[in-house]
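Participant: okay, sequence plus prediction incoming.
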Amino acid sequence: MLSRDVLSGGDVDTLPLTALKGVGPKLAQKLQRLRLVTVQDLLFHLPFRYQDRTRVVPIGALRAGQEAVVAGTIELTDVVFRGRRSLLCRMSDKTGSVTLRFFYFSAAQQANFARGRKLRCFGEVRFGPIGLEMVHPECVFDNAGDRPPENTLTPVYPTTEGLNQLSLRKLIRQALDGYLSRVREWLPPVVLADSRLRNLQEALTYIHAPPADAPVALLEQGRHPAQQRLAFEELLAHHLSLRRLRARARAHQAPRIVAGGKLTQALLAGLPFRLTGAQRRVVHEIAQDLRQTFPMQRLVQGDVGCGKTVVAAAASLYVIEAGLQVALMAPTELLAEQHWRNFQDWLAPLGIEVAWLSGKLKGNARQQVLDKLKLGKAPLAVGTHALFQDDVAFANLGLIIVDEQHRFGVDQRLALREKGGRQGNQPHQLIMSATPIPRTLAQTLYADLDVSIIDELPPGRRPVETAAVPATRRTEVVQRVHNACLQGRQAYWVCPLIEESDVLQLQTAQDTEISLRAALPELRISLVHGRMKPAEKEAVMAAFKAGEVNLLVATTVIEVGVDVPNASLMIVENSERLGLAQLHQLRGRVGRGAEAASCVLMYQPPLAQYARARLRCLRETTDGFEIARKDLEMRGPGEMFGARQTGMPALHIADLARDQSLLPKVVKTADLLLQEYAPHVDAIIQRWLGRAENYGNV
C-alpha cells in the first residue's frame, strides 16, 4: 500500500485558487464558471488543442489558414476607414511582407507600431483585401528581433468570458511550478507498472507543456500516453463512483419476495406464444434478485422486438402475488399507454387491475387512481413521469420498472424509488433499454446495476430487409408503398422535421403528407408528429393500429413504442441525417407480424463518408449490439451517452469510443482499489467528479 505520508501530506486538492498570486475574488468568480475552485482543479484543466510557436516561419512561406510565428520590421502603419475603422501595419522580413490588422486599438497602441520597430507576432494567416494578413495577432516588440522562440508547444484551454488564454496559461504555469509536486499519485505502483501508465506528475507536465517535437496529431486525438494516463484515471473515477452507488443501494433493506410464482405461471400459460430461452433466463435472474433482502438493481438490455415487456409482466406478478405494488414508468404517453394496454390484456384474465396515470389525467379520474394507489387497491400502475409527482403515494411499492431508462434522469428514477420507502424498505428496480450497448461498455456505464441481456428474438421474427436508395428514385418508392397497401399491408413514411428549414433543406412531414395524398388518392393517409395534442396523436395511432389508415406519415415520434403487426414497410426520408441507433429503432417498428418486412432508407446524394458508412451498416446487419458498437465508433459517446442517459457526469479527457481498450483494466483496477486501497477511492472520485459525484449519494 502507499505510505501514510502520501495519504496525509499536501492539500492541493483543497487549496483555494485565491492562494495563487494575482487571483482575487473577481478572477476566482470567473474561474468558478469553469468549475475551477482549487489548485488541483486548475492543474487538471487540460488543453483541447495546441499551437506551435516553437519556430519562426519566414513571411514568404506563409499560407492562408496557417497559424504561425513571424518576425520582422514595421514598414508602414496607417489608420484606414474602409467600412470599418482599422489599424493596418505592414511588416516584412527578407522573404516577404504581411499585413497586421487591428479593429480595436488605442492611440498608445497605435504609437507602438512605429516604422522601423522590430516585432514578433503569432496569429492565423488569412487572405485580405491586399494580400495575406493577420487579424489581431499576439505581438511582442523586441529591439533585436532574435529572441529565442518558445521551447514547448503552446496549450489552448477551454475558457470563459473575461478570461483570456494568456492569463489562464500564466495561472496554470504558476500552479505547475509551485504545486505539481503536491499532486498525489493514487494509483498503486503495481497498476502503473502492469498498465505501463506514466507517473501522474510527468503526465500533467507533458500535457500542459509538450516539447517542441511532440506528436501534435496524437495529442489532438487524445491518444498520447500522457493523456491516456489521465483518461484511465477519469474512467476509473466514474466506475468507482458507480460501484459505490451500488454498494450504498445494497445497504438498504428491500422486501424479500418469495412468492410461489403461481400468477407468473398462469400468465405464461395463457400467452399465445412461448417465451424464448433468453426470456426465461432473464425471468429467472429477476426472480432470484427479488428473493434478496437488498433492492434489486437490474438492467435488462435487448434488441428491438426481443420481448422485454412480457418479461417485465412476469416479474411484476411475483411481486403482486406477494401482496406488494408495482409501478411501470415510460418516457412518453404513447409508449406508456401501449404498456398499459398490453398489461391489461395479460393481467385482466388473472383478475388484476392495471391503473393508468399520465399528465393528461385530471380531476376526479386522477383522484380515483391516486386513492387506489395510496390504499393499495391498485396492485399495478403504468404511467409517465406523472408517477413521481408529489401527490402520488403508494401503500406498499415493491417494484419499480423503468422503460427506455436513457430518457429519464437519475434524479427522476430516484424520486420514484423514494416513494416506495416504507418501514425501512426500498423497492426493487428493474430497468429496461432497447438501446443495447457492448457488454464491456455496459460494465463501466452501468457498474451500479446487474445486467441481463435478451439476445434472442421470438420465433417467426424475420430480419427486416433494408435498402438504401437516393431520393431521385422517390417515384419507385411511392409505387412500392402503393403495392404493399393494396395487398392489405400498412406502411410508415418517416420524416425528421415538421417545418421547413432553409439550412437543412429537408422535406417536411406536412408537405410529404400532401404530396403522398396527391400521388396515392385511393389510400387512407394520416399524419402524426410531436407537436400534436396527445388526444389527436392517440386517435391517429389508434386508427392506424386498427387498420383504418393504410399509410402513416410521421416524425420520429414513432421511434419507440408503436406496435402494429400489420405494418411491414418503413420508409425513412433523409436517413443520412439520423444516427444509427435511431434508424435501427425506427426499423424495429416493422417486422412484428407474419409478413416479410422491409425498410427503405432514402437519402439526398451525394452522401458524406460517415453517412455512407451508417447506411451500409444498417444494410449489413440487424444485430442491435453490433449497430450500437458501430454507432459508438462513428458518433462517440457524446450523443449516445450523456449525464441524462447514464447518470454519469460529462467526461473531460476520456472518450468512451476511443478508450474502450482501457475499460477491462479499469474494472480490474477498481476491484483492487476497493479491496486493498480503500482510502484512495474517495480521493480519485473527488479529483475527477468533485461536486458532480453527488448524483451517487443515495
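Facilitator: Yes, it's here.
Participant: any idea which strand is longest in the chain?
Facilitator: For the chain, the longest strand by residue count, based on DSSP state E, is strand 67-80.
Participant: show residues contacting the next helix or strand after it.
Facilitator: Following strand 67-80 in sequence order, the next helix or strand is strand 86-92 (DSSP states H and E). Strand 86-92 has contacts (C-beta atoms under 8 Å, 6 or more residues apart in numbering) with 59, 70, 72-80, 97-103, 105, 109-110, 113, 119, 121. (Glycine included, C-beta is placed from N, CA and C.)
Participant: 6 Å - rerun?
Facilitator: 72, 74-80, 97-103, 105, 110, 113 (C-beta atoms under 6 Å, 6 or more residues apart in numbering).
Participant: weed out the non-buried ones from those residues.
Facilitator: Among the contacts of strand 86-92, those that count as buried by neighbour count (16 or more other C-beta atoms under 10 Å) are 72, 74, 77, 97-102, 105, 113.
Participant: distance check, the residue nearest to residue 259 when sequence neighbours are not counted against residue 290.
Facilitator: Once flanking residues are discounted, residue 259 sits nearest to residue 321: 3.8 Å by C-beta to C-beta, 6 or more residues apart in numbering. Applying C-beta to C-beta, to the nearest Å, the value for residue 321 to residue 290 is 11 Å.
Participant: same check, this time on residue 195
Facilitator: 39 Å.
Participant: same thing with residue 472?
Facilitator: Distance of residue 472 to residue 290, given as C-beta to C-beta: 56 Å.
Participant: quick one, which of these two is more surrounded?
Facilitator: residue 290 (25 against 10; other C-beta atoms under 10 Å).
Participant: relative to strand 86-92, how tilted is the longest strand of the chain?
Facilitator: Here the directions of strand 67-80 and strand 86-92 differ by 130 degrees (axes from the mean of the first three to the mean of the last three C-alpha atoms, to 10 degrees).
Participant: and strand 67-80, how far out from the chain's middle?
Facilitator: Offset of strand 67-80 from its chain centre (C-alpha atoms, centre = their mean, to the nearest Å): 46 Å.
Participant: what comes into contact with it?
Facilitator: Outside strand 67-80, the residues that reach it (C-beta under 6 Å, 6+ apart) are 51, 53, 56-57, 59, 86-93, 113, 115, 117-118, 120-122, 124, 145.
Participant: show me which of the residues you listed are buried.
Facilitator: Of those, these count as buried by 16+ other C-beta under 10 Å: 51, 53, 56-57, 59, 86-93, 113, 117-118, 120-122, 145.
Participant: which residues touch residue 619?
Facilitator: Contact analysis of residue 619 by C-beta under 6 Å, 6+ apart lists residue 466.
Participant: and the gap between it and residue 583?
Facilitator: Applying C-beta to C-beta, the value for residue 619 to residue 583 is 11 Å.
Participant: next one: residue 172
Facilitator: Distance of residue 172 to residue 583, given as C-beta to C-beta: 43 Å.
Participant: give me the domain ranges for this structure.
Facilitator: 4-50+157-184, 61-149, 254-454, 465-621 (automatic domain parsing).
Participant: let's have those domains in a markdown table, adding distance to residue 234 and mean pLDDT.
Facilitator: Below are those laid out as a markdown table (distance: least, C-beta to C-beta, whole Å; pLDDT from 0 to 100):
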| stretch | distance to residue 234 | mean pLDDT |
| --- | --- | --- |
| domain 4-50+157-184 | 9 | 88 |
| domain 61-149 | 29 | 89 |
| domain 254-454 | 11 | 86 |
| domain 465-621 | 24 | 86 |
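Participant: of all those, which one is nearest residue 230?
Facilitator: domain 4-50+157-184 (7.2 Å; C-beta to C-beta).
Participant: just to revisit the earlier point, just put the domains of the chain in a markdown table and tack on distance to residue 221.
Facilitator: Formatted as a markdown table, the domains of the chain follow (distance: least, C-beta to C-beta, whole Å):
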| stretch | distance to residue 221 |
| --- | --- |
| domain 4-50+157-184 | 11 |
| domain 61-149 | 18 |
| domain 254-454 | 20 |
| domain 465-621 | 17 |
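Participant: quick one, which of these is nearest to residue 658?
Facilitator: So among the domains of the chain, domain 254-454 is nearest, using C-beta to C-beta, at 12.3 Å.
Participant: assign residue 246 to helix, strand or coil.
Facilitator: For residue 246, the assignment made with DSSP: H, G, I helix; E, B strand; the rest coil gives helix.
Participant: kindly report the same for residue 549.
Facilitator: On the three-state scheme (three-state DSSP), residue 549 is labelled coil.
Participant: wait, it touches residue 523, no?
Facilitator: No - applying C-beta atoms under 6 Å, one finds residue 549 not in contact with residue 523, separated by 8.8 Å.
Participant: okay, the two: which has more neighbours?
Facilitator: residue 549 (23 against 17).
Participant: which residues touch that one?
Facilitator: By C-beta under 6 Å, 6+ apart, the neighbours of residue 549 are 524, 526, 543.
Participant: all strands of the stretch 251-400 of the chain, in order?
Facilitator: 297-302, 325-329, 354-357, 380-383, 397-403 (DSSP state E, counting those that start in this stretch).
Participant: distance to residue 372 and mean neighbour count added to those, as TSV?
Facilitator: Formatted as TSV, those follow (distance: least, C-beta to C-beta, whole Å; neighbours: other C-beta atoms under 10 Å):
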stretch	distance to residue 372	mean neighbour count
strand 297-302	27	23
strand 325-329	10	27
strand 354-357	6	22
strand 380-383	9	26
strand 397-403	13	27
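Participant: mind listing the helices for the stretch 51-200 of the chain?
Facilitator: Remark: helices assigned in the stretch 51-200 of the chain by DSSP state H, counting those that start in this stretch are 107-112, 165-179, 189-195, 200-208.
Participant: residues making contact with the first one?
Facilitator: What it means is helix 107-112. With C-beta under 6 Å, 6+ apart, helix 107-112 has contacts from residue 87.
Participant: just the CA trace of it, in CSV.
Facilitator: Provided in CSV are the C-alpha atoms of helix 107-112 (Å, rounded to 0.1, in the frame of the first residue of the first chain):
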residue,chain,number,x,y,z
ALA,A,107,-3.6,55.9,-29.5
ALA,A,108,-0.8,54.4,-27.4
GLN,A,109,-1.1,51.1,-29.1
GLN,A,110,-1.0,52.8,-32.5
ALA,A,111,2.2,54.7,-31.4
ASN,A,112,3.8,51.4,-30.6
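Participant: report the buried residues of that helix.
Facilitator: Going by neighbour count (16+ other C-beta under 10 Å), nothing in helix 107-112 comes out as buried.
Participant: quick one: it to chain centroid distance?
Facilitator: 49 Å.
Participant: try the second one
Facilitator: Taking C-alpha atoms, centre = their mean, the mean C-alpha location of helix 165-179 is offset from the chain mean by 32 Å.
Participant: just the buried positions in that helix, please.
Facilitator: Applying 16+ other C-beta under 10 Å to helix 165-179 flags 168-169, 171-172, 174-176, 179 as buried.
Participant: let me know the angle separating it from helix 200-208.
Facilitator: Using the same axes, to 10 degrees: helix 165-179 against helix 200-208 is 160 degrees.
Participant: what lies in contact with helix 165-179?
Facilitator: With C-beta under 6 Å, 6+ apart, helix 165-179 has contacts from 12, 20, 39, 42-43, 157, 159.
Participant: next: the last one.
Facilitator: Among residues not part of helix 200-208, those counted as contacts by C-beta under 6 Å, 6+ apart are 43, 46, 155, 180, 183, 185, 226, 229-230.
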